[in-house]
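> sequence first, then the predicted structure, then my questions.
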Amino acid sequence: MPQRRSHVAPSATQSELAAALAALRADIEAPTEFSPATLSEAEAAVAPVPELDLREVPFVTLDPEGSRDLDQALYLARNGAGFEVRYAIADVPSFVKPGGAVDTEARERGQTLYLADGNIPLHPRVLSEDRASLLPDVDRPALVWTFALDAAGAVTAFRLERALVRSRAQLDYATAQAAIDRGEEGALSLLPVIGGLRIEQERLRGGASLNLPDEEVVQREDGSYDIERRHPLPVEDWNAQLSLMTGMAAAELMLGAKVGVLRTMPQPDEKAFAAFRRQTEALGRPWTIGRYGDYLRGLDRDDPMTLPVLEAASALFRGAGYAVFDGEVPAETEQAAIAVPYAHATAPLRRLVDRWALVICLAISRGEEVPRWARESLPELPGLMQASAQRASALDAATINRVEAALLVPRVGSQVEATVIELRDDRAVVQLADPAVTATAPVPPESAPGDVVRLTVVGATIATGEVEFSVPA
């Protein structure tokens, strides 16, 4: 599925958009600045040096270009007929005092929020983008997962240790993908192999990945904004499989000890499956046999009908939440799309709940008691994470809506082509090719998902993100 980009050029429209985005940041119902006490505590935070020294292991990081909050570093090697994977996670727990100012503000925030003009971090930047981040060529404490995989990519053993690490390079997705495509030898040479095997393991256990195209607002050096929509690169999917593998291991540890926090999602019911089958038939890409995960994996990413199918499939990936437990395993433990129990445990710089999972897993791995503060605060986590997820979702939608409105201002009064993605009574979700805008609009009565229709842009209000279309007479 090709990348699509639209551009808002510097102009009066651009100035109005900048003002709308600034107002959006000011209106966020969440703290946007850290208190002096929190900043002071973060500046003074020093993590103890771990006894285990793994600086000789040539870890590298793999993230979007320009990232500073680097949660994970990886090392891949062959081990006989199988493989060894080491996955180092930023040791945020060593920098954050339970009950302290940093901890208190992190609980209020829940996660890092991403805006068109930057982000609102979960932790002060001195931690999230400096001392706790796994930046290259500096020593860092980390929580290191070591996995033994067999020749088929199945995990045969794993362990978790606190260690001192030193990343050798900060790699980005696009550059890494290009190097792999050229067949270059390097730190990620085994990633396609191991990632591919883990995708096959996902298929075998009945898992499913949605992999909707990413939609992101980006700010250019000249101050203008773009909307980029693209399908994740293969290297991103392979890398995600390492994170999923780690989350499954974390869940296994916590379930064995009967204390922890899981990321759960219920199986779609028969009504949801039946509705999805009808939608795929209407789109001309019927799901007739096999599991829905196999069907989604088999979709041609270059087929223009794939996006409507994936949008329809999103209804099967609903109801995700967090289940906390202490002393008794919850009745529902599975994350249906992953098809096994799973925990968020690989992004502690950017997501609150991961710190709890890591602290609990490390204590279990060492045969120690889980810290009292972690056990006592477990019941708070689902509410904190739900509130932050709702805030992030609303912010993402509001940001994209405002940029899309700015893209359409020059087109008011003219006609545009749009692909029908999903019908909703007398309206539809449509995807414009140029500019790259997703919107709800009226469509001709005979329209079906996948049809290309012509619409007139009636209005676009940047301050609110509202756009209006009509069907040409």
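Looks like it came in fine. Because the structure is predicted, anything quoted here is derived from the model rather than measured. Numbers count the residues shown, from 1 in each chain.
> where does pLDDT dip in this structure?
Along the chain, segments meeting pLDDT under 70 span 1-12, 218-224, 226.
> if we go to 80?
Scanning the chain for pLDDT under 80 picks out 1-14, 25-31, 116-118, 213-231, 304, 433, 436.
> show me which helix runs longest in it.
helix 381-408 (DSSP state H).
> buried residues of it, list them for me.
Counting neighbours by 16 or more other C-beta atoms under 10 Å, one finds that the buried residues in helix 381-408 are 381, 384-385, 387-389, 391-392, 395-396, 398-408. For glycine as for every other residue, the C-beta is placed from the backbone atoms N, C-alpha and C.
> ok, now stretch 291-305?
292-293, 295-297, 299, 305.
> ok now it, how far from the chain's centre?
Relative to the centre of its chain, stretch 291-305 is centred 20 Å away, using C-alpha atoms, centre = their mean, to the nearest Å.
> same question for stretch 123-139.
20 Å.
> all numbers from here: first residue = 11
In the new numbering, first residue 11, that becomes stretch 133-149.
> from the contact counts, what lies against the host helix or strand of Ile99?
For Ile99, the enclosing helix or strand under DSSP states H and E is strand 92-100. Applying 3 or more C-beta pairs under 8 Å, 6 or more residues apart in numbering; DSSP states H and E, one finds that strand 92-100 contacts strand 82-89, strand 149-159, strand 165-176, helix 201-215, helix 244-267.
> contacting residues around the fourth one?
Residues outside helix 201-215 that contact it (C-beta atoms under 8 Å, 6 or more residues apart in numbering) are 84, 86, 93, 95, 159, 162-164, 186, 190, 218-219, 244-245, 247-249, 251-252, 254-255, 303-304, 307, 348-350.
> PyMOL command to pick out the buried ones of the residues you listed?
The following PyMOL command selects only the buried members of the contacts of helix 201-215, with burial defined by 16+ other C-beta under 10 Å:
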select buried, resi 84+86+93+95+159+163+186+190+218+219+244+245+247+248+249+251+252+254+255+303+307+348+349+350
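> how is the protein partitioned into domains?
The record's domain parsing of the chain by automatic domain parsing lists 14-276+329-415, 280-327, 422-483.
> deepest-packed of the ones you listed, please.
Sort the domains of the chain by mean neighbour count, taking mean count of other C-beta atoms under 10 Å, and domain 14-276+329-415 sits at the top with a mean of 18.
> quick one: the nearest residue to Gly257 once chain neighbours are set aside from Ser253, how far?
Distances taken as C-beta to C-beta, 6 or more residues apart in numbering put Tyr352 closest to Gly257, at 4.7 Å, once the chain neighbours are dropped. Tyr352 sits 10 Å away from Ser253, going by C-beta to C-beta, to the nearest Å.
> quick one on the thing from earlier: out of the helices and strands packed on strand 92-100, the one nearest Ala52 is which?
Smallest distance to Ala52 across the helices and strands packed on strand 92-100 (C-beta to C-beta): 15.5 Å, for strand 149-159.
> for the helix or strand where Thr71 lies, packing partners?
For Thr71, the element it lies in under DSSP H and E is strand 70-73. The contact analysis (3+ C-beta pairs under 8 Å, 6+ apart) places strand 70-73 against strand 82-89, strand 179-182, helix 183-191.
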